[in-house]
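Chemist: Sharing a sequence plus its predicted fold:
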Amino acid sequence: MKNKKKIGLIIFAIVCIVIIAVCVVIQIVIANSLKELEKESKKYETLLTQTLSGNQIETEYTHVDDHKFYIKIPISFKQLDYETIMKKYNGQVPSIVFSNDEITVNVAISMTDNDMSDSQINPYREYMLKLLENNSNIIESNCYKVDNHNVGQIKLISEAIDTNIYNNMIFFSYNGKLVIITFNCTENLREEWQNVGDFIIDSLFFKE
C-alpha cells in the first residue's frame, strides 16, 4: 500500500513537472511571437531613414494601381515619365521608376507578363545568378519569405556605358506573374545610399 502511494506521488510530481515545463515553453513561444510582431510593427511604422552621411530620407508606402503589395519610396523622389525611362533603361524596361533629382538613385518596379509561381522563385533566382555572373559582380543572394510569399534577392554591381551600377534586386510572384523591384545607384554613391536601399527593399509587405 505504501509503495502504491509512493508511486502515485512520484507520478503526480512528474505530471506537475511536465505541466510546468509545457507552460514555460508556451510562455517563451508567446514572448518570441510578440517580439516578432513588435519588430514587424516597427518596420511598418518607421518611415524615416538616413544616408551614411546623415541626410534624413523620409519615405511613404506606395503601391502599384490596385495591386496589394507595398514598398516605401522616398518622398523627395519623383516618378519618371515614359520617355525618360526608355532612355535610361535597356532591355526589360521597368513599369515605374522613382528617382532623385539627378536620376542617380532609383527605385524601379517591373510588372512583367512572365508567368511565375511562388514555388518557382528560388529556381528563378538560381537561373538569374548563372545569367548574371558572367558580366556582373554578385555581392550576395538569398531567398526568404514575406507574408507567406517567397522573395528572391540578388545584390550586384553591373556595368553601364559610363559607370558601374549597384543593384539591390528582389523578385516575387504576384497573381501568377513575375514582379521585380530594384533599388539602384551609381557605384560611387553605393556607400552613401546602400543603407537607404536596404531600408526600401526590406519594407515590402503584402496586403491580402
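Modeler: Happy to help now that I have it.

Chemist: Give me the secondary structure label for residue 197.
Modeler: Secondary structure state of residue 197, per DSSP: H, G, I helix; E, B strand; the rest coil, is helix.

Chemist: wait, it sits on residue 189?
Modeler: No - in this structure, residue 197 is not within contact of residue 189 by C-beta atoms under 8 Å, at 10.0 Å. Bear in mind the C-beta positions are built from the backbone N, C-alpha and C, glycine included.

Chemist: Of those two, give the one with the bigger neighbour count.
Modeler: Higher neighbour count among residue 197 and residue 189: residue 197, with 23 against 20, using other C-beta atoms under 10 Å.

Chemist: returning to that earlier point: now the common contact residues for residue 197 and residue 189.
Modeler: Here residue 197 and residue 189 share the contacting residues residue 166, scored by C-beta atoms under 8 Å, 6 or more residues apart in numbering.

Chemist: was I right about residue 158 contacting residue 169?
Modeler: No - judged on C-beta under 8 Å, residue 158 makes no contact with residue 169 at a distance of 9.8 Å.

Chemist: Quick check: next helix or strand after the worst-scoring helix or strand of the chain on mean pLDDT?
Modeler: The least trusted helix or strand in the chain, going by mean pLDDT, DSSP states H and E, turns out to be helix 2-45, with a mean of 54. Following helix 2-45 in sequence order, the next helix or strand is strand 48-50 (DSSP states H and E).

Chemist: Flag every buried residue along that following strand.
Modeler: Within strand 48-50, the residues scored as buried using 16 or more other C-beta atoms under 10 Å are residue 49.

Chemist: List the pairing partners of it within its sheet, with orientation.
Modeler: Strand 48-50 pairs in its sheet with strand 56-63 (antiparallel), by DSSP bridges.

Chemist: Tell me which residues touch residue 168, please.
Modeler: Applying C-beta under 8 Å, 6+ apart, we find residue 168 in contact with 153, 155, 182, 183, 184, 194, 197, 198, 201.

Chemist: how's this structure carved up into domains?
Modeler: The chain is divided into the following domains under automatic domain parsing: 1-45, 47-206.

Chemist: Look up how far residue 192 lies from residue 110.
Modeler: Counting by C-beta to C-beta, to the nearest Å, the gap between residue 110 and residue 192 amounts to 25 Å.
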